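Q: Fold the following for me, if possible:
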Amino acid sequence: MRYGEWPSPISAADLAGGRLRLGEGFINEDKVFWLQSSPLDKGRTTLVTLADNGSVLDLTKNWDLRTPIHEYGGTPVTCQGSRLCFYDRISTQVWVHSGCDAMPITESGQWFFGGFTFLNDHQVVCIREDHSPEHQPQDAIVILDLDGMNRDGGRVIASGADFYFALVVSNGGWLAWMEYDHPNMPWDTTRIMAQSPEGRQYCVVDTPHQAAIYPQWESDGSLIFLSDESGYWNFYRWTIEGVTALHHHPYDFCEPPWVISQPPYAILNVNGHSALGCIWWKDGMAHLGVLNPDSTLTTMGVYGTATVSPSFGNRSVVKLGSPTQALSLNLLDWSTGTITHLVSESLITMDPNEISLPEFVTWASTTDDSATKVSAWYYPPTVIGETPPPVILTPHSGPTSYSPAVFSLVKQYFTTRGIGILDLNYSGSATMGRAFRLKLYENWGILDVKDCVDGINHLISLGKADRQRVGIMGSSAGGFTTLAALTTTIVFTAGISLYGIADLEALTLETAKFESHYNQRLVAPYPEDRQVYLDRSPITHVESLNSPILIFQGELDQVVPPNQATMMYEAALAKGLEAQLVLFEDEGHGFRMASTIEEVYSKTLSFLGRIWGFSPSSNKTVAEDSRTNSDAG
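A: Numbers count the residues shown, from 1 in each chain. Below is the predicted model of the structure:
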C-alpha cells in the first residue's frame, strides 16, 4: 500500500467536530471557569463552569465572548462571585451578568473592550479601543460603571500610548499595566506603569530594547513582572525603592504577548515567603514548576507546552499538552502538586500504538557564522515502508511564535495515512531568548525560508523524507513562508497556504493598527526601502513558482486582505500551473467553523493525492471548488 493510502482512524470530519478550542481558565473563590469554543457551534466562544454534578454548564449561551481588540483579541471576561462582566462579539457591547439577570453597560459600535478586571463592587477597569471614524483606533484604560449605561465609553484613566496590555489590580486598589508605542511590538520595547488609588502614576520600567511584560501584584504591595533585560524573560520585583531581579536563568518564562491576557504565572505562599508557580522552556519543552524564594527551580512536570493562570488559594488553572496528550485544562493545587483534569481539546481518543511521537531534530544554522542550532519536531508516519515517506513541512504562524511538541489530531490525520510532518521552529521563533527571537528582524522571507530548505534537506539526508514528495503548508505568517519558499526555492513539490501573505507592500499598506509597523521590523523601513518589500514578496516571483499550489482564504480576514490570495491564485493560473483557490465567505483570520475545517483538510489530502500519486483512503469527499485549474501543469 502506498504512502497516503493507509486506512486512518481520523477523518476530516473528526478534525472539524472532534475537538474544542480552549481559552483561558479562571479561579474565583471556590469556582473554576474557562473559555471554550467549538467548530460545531460556528466557533462561538462561551464561558463554562462545572455544575455540582460534574457536568459542564454553559454560562453565556446567548453570547459570543470574543473581542476584536488589537485584531487578535484578548481576555473578554472577568468574574466576581456569581457576577460576570464580558464583551459580546454579536452585540459589540459589554454586558454584566448576575444569575438570571443580564444587561449591557456600553453602546454598540465604535468601541472594542478587553482585559477586564473588577475594581470594586460597582466598577470594572479594562482596555478600550476606540474605532471612531475620524481617527485611527486609539487605546485607553477606562473604568466602566456596572450599574448603568456608559454612553461615553467609560472614564479614561490612562491614554496616550499606542497600546495597552496586561492590566491588573491589587487588593489595595493599585493598578499596573504594560504599554508601548509604534514601531514596537509587545516583545520589543515596552513600559510597565503603576498607578496609586489616588491617581499618581509611577514608571516601573522604561528601557530601550527591553520588553517588560505581565505585571502582577503581590499581597504586600510589591509588583512582579517579566523582563528580557538579561536576554531571557525572567522575573523581577518592583517597589517604590526600585527594581530587583528575582533570579537569573537562561530560559524564557513566558511566551510573546500576542493578545491581552492574564499573567501566565501564579504568586504563591511557601512557608510565609513568596514563590512563583511558572513555566520555563528548555530544549524545546515546557517545564512546569516553582521559582523558590532562594531563586532555585523545582520541576513538577515536563510538557510540550503549558500555561499557568494566576492563583487563588494556591490553586491555578493550567493548560497542558504533551506529545501523547492534546491540550487540556486542569486544576493544579500548588501545595500538594495534585493535578485534576477538567477538559481536553480533543474529543477523540486514539490508540496509543497509532500515535506518531515527535522526534527532536536539530541542525547547524547555515545563515550566519554562529553556533546557532535550528530545531524542529519530526512526526514520522506510524508505519514506515521500504522507501522514505512523503513529508509536509509546517512553518508556524506569527512569525514571532513557536511550534510545541503537542498531540494534534491534524498531525495524526496525516501521519496515520503515511505522510510525515516536520514542524519547524525557524530563526526568529519564540521561547528561546531575545537574541534568537529577533534574528528574523530584517530577515523575514530569508532566514525562515533558508531554515525550511535546510530542515527538509536534513531530513532527506537522514533517509526520513522522499525528495520527490516534500510539501510545505502554513497559515498566516507561516503561509508567507510557504509562498516565499515555493517562489524562491526548488525544493518543495507541493504547497498549501492558509490565509498566507503574498504581497508584503499591500500588507503594510492595508493591515490593521496592531501589526501596521511589524513589517518595518521584519523586513525594512517603509517606504524608504520599498524595493526590499517588492523583492521579498512571493507575488513578485510568481514566474519562479513551479509547484502546484492550494490556497485557502477567509473573505472576512482583517489581518491578511483576501485580495492577496486572489492575486497569487490568478498569477499561478496565468503561468499554467495547477492551482486551486477556496474562499470562505463567513471566515476571518483563522478558520473556526466545522464545515470550513472539514473542507480544508479533505481538499488538502485530495490535492496531495493528485500531485504525489496516491488515492486517499477513508477521506470524506467534498466537491471540488469551481475555481480550480486541475488540468494545468
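Q: name the helices or strands packed onto the longest helix anywhere in the chain?
A: Using DSSP state H to assign secondary structure, the helix with the most residues in the chain is helix 594-612. In terms of contact count using 3 or more C-beta pairs under 8 Å, 6 or more residues apart in numbering; DSSP states H and E, helix 594-612 is assigned the packing partners helix 12-17, helix 409-415, strand 470-475, strand 494-498, strand 549-554, strand 579-584. In this view, the C-beta of every residue, glycine as well, is placed from N, C-alpha and C.
Q: can I get those in CSV with mean neighbour count, distance to residue 380 and mean pLDDT?
A: CSV is the format used below for the helices and strands packed on helix 594-612 (neighbours: other C-beta atoms under 10 Å; distance: least, C-beta to C-beta, whole Å; pLDDT from 0 to 100):
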stretch, mean neighbour count, distance to residue 380, mean pLDDT
helix 12-17, 20, 20, 90
helix 409-415, 23, 7, 96
strand 470-475, 27, 14, 98
strand 494-498, 27, 19, 97
strand 549-554, 26, 24, 97
strand 579-584, 21, 28, 96
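Q: how about these in JSON lines, adding distance to residue 204?
A: Converted to JSON lines, the helices and strands packed on helix 594-612 look like this (distance: least, C-beta to C-beta, whole Å):
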{"stretch": "helix 12-17", "distance to residue 204": "44"}
{"stretch": "helix 409-415", "distance to residue 204": "41"}
{"stretch": "strand 470-475", "distance to residue 204": "36"}
{"stretch": "strand 494-498", "distance to residue 204": "40"}
{"stretch": "strand 549-554", "distance to residue 204": "39"}
{"stretch": "strand 579-584", "distance to residue 204": "44"}
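Q: which stretch among those comes nearest residue 402?
A: strand 470-475 (13.8 Å; C-beta to C-beta).
Q: and the longest helix of the chain, C-alpha only, in CSV?
A: Extracted C-alpha coordinates of helix 594-612, given in CSV (Å, rounded to 0.1, in the frame of the first residue of the first chain):
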residue,chain,number,x,y,z
ALA,A,594,-16.7,22.9,11.3
SER,A,595,-17.7,22.9,7.6
THR,A,596,-14.6,25.0,6.8
ILE,A,597,-12.2,22.9,8.7
GLU,A,598,-13.5,19.7,7.2
GLU,A,599,-13.3,21.1,3.7
VAL,A,600,-9.7,22.4,4.2
TYR,A,601,-8.3,19.0,5.2
SER,A,602,-10.4,16.9,2.8
LYS,A,603,-9.3,19.1,-0.1
THR,A,604,-5.7,19.2,1.1
LEU,A,605,-5.4,15.4,1.1
SER,A,606,-7.1,15.1,-2.3
PHE,A,607,-4.7,17.8,-3.7
LEU,A,608,-1.6,15.9,-2.4
GLY,A,609,-3.0,12.7,-3.7
ARG,A,610,-3.2,14.1,-7.2
ILE,A,611,0.3,15.6,-7.0
TRP,A,612,2.0,12.7,-5.3
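Q: Show me what stretch 603-619 is in contact with.
A: 2-8, 11-12, 390, 392, 413-414, 417, 419, 469, 471, 473, 493-494, 496, 548, 550, 578, 580, 582, 602, 621-622, 624-625, 630 (C-beta atoms under 8 Å, 6 or more residues apart in numbering).
Q: how about it: buried residues?
A: 603-612, 614, 616-617, 619 (16 or more other C-beta atoms under 10 Å).
Q: what is the rounded mean pLDDT of it?
A: Averaged over stretch 603-619, pLDDT sits at 88.
Q: distance between it and the chain's centre?
A: 29 Å (C-alpha atoms, centre = their mean, to the nearest Å).
Q: what does stretch 600-609 give?
A: Distance of stretch 600-609 from the chain centroid (C-alpha atoms, centre = their mean) equals 24 Å.
Q: Please apply the same query to stretch 174-194.
A: 19 Å.
Q: for that stretch, how far is the first residue from the last?
A: Chord length of stretch 174-194, first to last residue, is 7 Å (C-alpha to C-alpha, to the nearest Å).
Q: swap in stretch 363-379?
A: Using C-alpha to C-alpha, the end-to-end distance of stretch 363-379 comes out at 17 Å.
Q: Give the buried residues for it.
A: Quick answer for stretch 363-379 (16+ other C-beta under 10 Å): 363, 365, 367, 374-379.
Q: Can you tell me the SS state at the closest residue to residue 480 other than its chain neighbours?
A: Nearest residue to residue 480 in three dimensions, chain neighbours excluded: residue 501, at 3.8 Å (C-beta to C-beta, 6 or more residues apart in numbering). For residue 501, the assignment made with DSSP: H, G, I helix; E, B strand; the rest coil gives coil.
Q: Make residue 1 into 38 and carry on from there
A: From this message on, residue numbering opens at 38, which makes the last subject residue 538.
Q: what about residue 538, neighbour count?
A: Residues lying near residue 538 (other C-beta atoms under 10 Å) number 30.
Q: contacting residues around it?
A: Neighbours of residue 538 in contact, by C-beta under 8 Å, 6+ apart: 513-514, 516-517, 520, 544, 575, 597, 601.
Q: Residue 596 versus that one, what's the distance?
A: According to C-beta to C-beta, to the nearest Å, residue 538 and residue 596 sit 9 Å apart.
Q: list the residues that contact both of the two?
A: Listed as contacting both residue 538 and residue 596 by C-beta under 8 Å, 6+ apart are residue 513.
Q: Strands of the stretch 138-287 of the chain, start to end?
A: Secondary structure of the stretch 138-287 of the chain (DSSP state E, counting those that start in this stretch): strands at 138-141, 148-157, 160-167, 175-182, 192-196, 200-206, 212-217, 228-232, 238-243, 249-254, 260-264, 271-276, 279-282.
Q: Nearest approach to residue 288 belongs to which of the ones you listed?
A: strand 271-276 (8.0 Å).
Q: Partner strands of the closest one, with direction?
A: strand 260-264 (antiparallel), strand 279-282 (antiparallel) (DSSP bridges).
Q: Export those as JSON lines, with columns for distance to residue 490.
A: Output for the strands paired with strand 271-276, formatted as JSON lines (distance: least, C-beta to C-beta, whole Å):
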{"stretch": "strand 260-264", "distance to residue 490": "34"}
{"stretch": "strand 279-282", "distance to residue 490": "40"}
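Q: of all those, which lies closest to residue 493?
A: Here strand 260-264 is closest among the strands paired with strand 271-276 (C-beta to C-beta), at 34.8 Å.
Q: Kindly calculate the angle that that closest one makes with strand 238-243.
A: For strand 260-264 against strand 238-243, the angle by axes from the mean of the first three to the mean of the last three C-alpha atoms, to 10 degrees is 30 degrees.
Q: re earlier: reformat the buried residues of stretch 640-656 as CSV; add distance to residue 104.
A: Shown next, in CSV, are those (distance: C-beta to C-beta, whole Å):
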residue, distance to residue 104
640, 31
641, 31
642, 35
643, 36
644, 35
645, 37
646, 40
647, 41
648, 40
649, 42
651, 43
653, 39
654, 42
656, 37
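Q: quick one: residue 579 from residue 614, how far?
A: From residue 579 to residue 614 the distance is 9 Å (C-beta to C-beta).
Q: Which one's more surrounded, those two?
A: Neighbour count, other C-beta under 10 Å: between residue 579 and residue 614, residue 579 has more, with 21 against 18.
Q: so that one, which of the three states?
A: What three-state DSSP gives for residue 579 is helix.
Q: what sits against it?
A: If you count contacts by C-beta under 8 Å, 6+ apart, residue 579 has them with 524, 605, 608-609, 612.
Q: can you do 7 Å?
A: With contact taken as C-beta atoms under 7 Å, 6 or more residues apart in numbering, residue 579 is in contact with 524, 608-609, 612.
Q: Also residue 204?
A: Contact partners of residue 204, counting by C-beta under 7 Å, 6+ apart, are 152, 154, 162-164, 178, 212, 214.
Q: hmm, which of these are the buried ones?
A: Buried subset of the contacts of residue 204 (neighbour count, 16+ other C-beta under 10 Å): 152, 154, 162-164, 178, 212, 214.
Q: closest to residue 283 among these?
A: After measuring these against residue 283 - C-beta to C-beta - the closest member comes out as residue 214, at 20.3 Å.
Q: The closest one - nearest residue in space that isn't next to it in sequence?
A: With C-beta to C-beta, 6+ apart as the criterion, residue 214 has its nearest non-adjacent residue at 4.5 Å, and that residue is residue 204.
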